[in-house]
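K.L.:
I'll drop the sequence and a predicted model, then ask my questions.
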Amino acid sequence: MIYCLSGELAELDAVNMTAVIDCGGVGFLLSVTGNTVTHLSNPGVGAKVKVYTYMAVREDAMELYGFCTEEELKLFKMLISISGVGPKAAVSVLSVLSPDAFISAVAAEDSKAISRAPGVGAKTAARIVLELRDKVAKNFYSSSSSAKGEVAPSAGKIGISAGSNLSDAGDALAVLGYSRSEALSALAGLDASLPTEELIRLALAKLMKG
């Protein structure tokens, strides 16, 4: 299993969504997401880069997929674990939505945003939300700040009693980049007895409406 590649970016094709990484004279061709194309375009061809990879093995072919972050690779693996979602559909979703935008869409049950990805219909998008909602909450709300070397804001910092579902939801919103005032406004008036995931979904829906 090739977990990551470090080498010189030899080629980058934004049209066909591919990149070639030269590792010690061996060029590895990877299919990449739009997000990774953007990431690799700066510094650009000739620069030293690192990508995380997933190898898809079929009876008639092997294909290597590349991602600019471990977070994006993790989301890709979650997507292809869903019945009917193959590597190409997963790349399509992560090309239309950045990792943060995808996480927000799943949390808000915004299947319409996911269905904008070419090759992903409304039913598939709804299934993605249904199957990944809890996994995304478990894997990203509590860990994304620490993974980036940041300190997750405490419940007290968003002005809600610590240890409650509201405080957990507030922490999740802060992790997703919302300010203290935005989190407080979005959570205001919501039933504190609701599950954390439901509070997050309702708050994100309010935030997205602006």
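P.N.:
Thanks, I have it. Residues are numbered from 1 along each chain as shown.
K.L.:
care to break the chain down by domain?
P.N.:
4-67, 70-141, 144-209 (automatic domain parsing).
K.L.:
looking at the ones you listed, which one is packed in the most?
P.N.:
Ranked by mean neighbour count under mean count of other Cβ atoms under 10 Å, the domains of the chain are led by domain 70-141, which reaches a mean of 19. Glycine gets a C-beta too; all of them are placed from N, C-alpha and C.
K.L.:
from the chain's centre, how far out does that domain sit?
P.N.:
Remark: domain 70-141 is offset 8 Å from the chain centroid, using Cα atoms, centre = their mean, to the nearest Å.
K.L.:
ok, back up a step: mind putting the domains of the chain into CSV with mean pLDDT?
P.N.:
Output for these, formatted as CSV (pLDDT from 0 to 100):
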stretch, mean pLDDT
domain 4-67, 93
domain 70-141, 91
domain 144-209, 68
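K.L.:
can you tell me which residues contact the nearest residue to residue 186 once chain neighbours are set aside?
P.N.:
Leaving aside its chain neighbours, residue 186 sits nearest to residue 203 (3.8 Å; criterion: Cβ to Cβ, 6 or more residues apart in numbering). If a contact means Cβ atoms under 8 Å, 6 or more residues apart in numbering, then residue 203 has 169, 173, 183, 186-187, 190 as its contacts.
K.L.:
of these, closest to residue 102?
P.N.:
Among the contacts of residue 203, residue 173 lies closest to residue 102 (Cβ to Cβ), at 16.2 Å.
K.L.:
just the strands from the protein, written as ranges.
P.N.:
For the chain, the strands defined by DSSP state E occupy 4-13, 18-23, 26-32, 48-57, 62-67.
K.L.:
output these as a markdown table; include the columns distance to residue 132.
P.N.:
A markdown table is the format used below for these (distance: least, Cβ to Cβ, whole Å):
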| stretch | distance to residue 132 |
| --- | --- |
| strand 4-13 | 24 |
| strand 18-23 | 26 |
| strand 26-32 | 21 |
| strand 48-57 | 17 |
| strand 62-67 | 17 |
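K.L.:
any idea how far the most centrally placed residue in the chain lies from residue 187?
P.N.:
In the chain, the centroid-proximal residue (Cα atoms, centre = their mean) is residue 99; its distance is 2.5 Å. Going from residue 99 to residue 187 by Cβ to Cβ, to the nearest Å gives 24 Å.
K.L.:
ok, residue 83 next?
P.N.:
Using Cβ to Cβ, we find residue 83 at a distance of 35 Å from residue 187.
K.L.:
please apply the same query to residue 24.
P.N.:
Using Cβ to Cβ, we find residue 24 at a distance of 52 Å from residue 187.
K.L.:
what do you get for residue 64?
P.N.:
For residue 64, the distance to residue 187 (Cβ to Cβ) stands at 43 Å.
K.L.:
same question for residue 15.
P.N.:
Distance from residue 15 to residue 187, by Cβ to Cβ: 43 Å.
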